[in-house]
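*Asks:* Here is my input; please provide its structure:
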Amino acid sequence: MKRLRRFYDQFIRLRGDPREIALGFALGLFIGTSPTMGFQMIIAAFCASLLGWNKWSAAAGVWITNPFTAPFVYSANYWVGSKLLSQVCPKATAHALAALERAGPIVQKTPHVAASLILGGIVVGVPVAFAGYWLALWAVSCYRARVKAQLERARQKMREERAKRRGTP
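*Replies:* Okay, the predicted model is just below:
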């Protein structure tokens, strides 16, 4: 829990436009749900730099899939993708598997598994990224508003102290 709080504190203090930070985070979440484990941070940082979004927040977003959550995320992706593929193109899937009849069982299922993971990653990733964008934008904006208010109170206090020293009410 302490690490999560430290991550949050560092995240809301990232430099840059809150919108760009939130967009980078959303991109990272989307890529984090894709079946590209091992390359996710590289892909996220590269895409964020191409789009002009925050690279650090994009890299942070991919940690939605970590060693603890990856089995759940990829299982959900596979389940969603598999259900969609079986409804969208059952004949095409059956035809592709029939063409691989002579190959081993693992090779026969590889195209279906890969397609299910990719499609599921897209379908799951879009709403996760959308929610992550708004959550990150809210968190960063609230933090900055709070800091701005604290600075304004400190400035006001300094003005009042300066006025007292000068004898001005």
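*Asks:* Low-confidence stretches in this structure?
*Replies:* Counting by pLDDT under 70, the low-confidence segments of the chain come to 88-110, 168-169.
*Asks:* Now for the residue nearest the centre of it, which secondary structure element holds it?
*Replies:* For the chain, the residue nearest the mean C-alpha position is Leu29 (1.9 Å; C-alpha atoms, centre = their mean). Using DSSP states H and E, Leu29 sits within helix 18-32.
*Asks:* In this structure the residue nearest to the centre of the chain contacts Phe130, no?
*Replies:* No. The criterion here is C-beta atoms under 8 Å, and Leu29 misses it with Phe130 at 9.0 Å. The C-beta positions use only the backbone N, C-alpha and C, and glycine is treated the same way.
*Asks:* ok, which stretches of the protein are strands?
*Replies:* Read by DSSP state E, the chain holds no strands at all.
*Asks:* With adjacent residues omitted, what lies nearest to Gln40?
*Replies:* Among residues not flanking Gln40 along the chain, Val62 sits closest, at 4.0 Å (C-beta to C-beta, 6 or more residues apart in numbering).
*Asks:* Contact partners for the one you found?
*Replies:* For Val62, the contacting residues are Gly28, Leu29, Ile31, Gly32, Gln40, Met41, Ala44, taking C-beta atoms under 8 Å, 6 or more residues apart in numbering as the criterion.
*Asks:* thinking again about what came up before, give me the buried positions along the helix holding Leu29.
*Replies:* Taking 16 or more other C-beta atoms under 10 Å as the neighbour-count basis, helix 18-32 is seen to contain the buried residues 18, 20-32.
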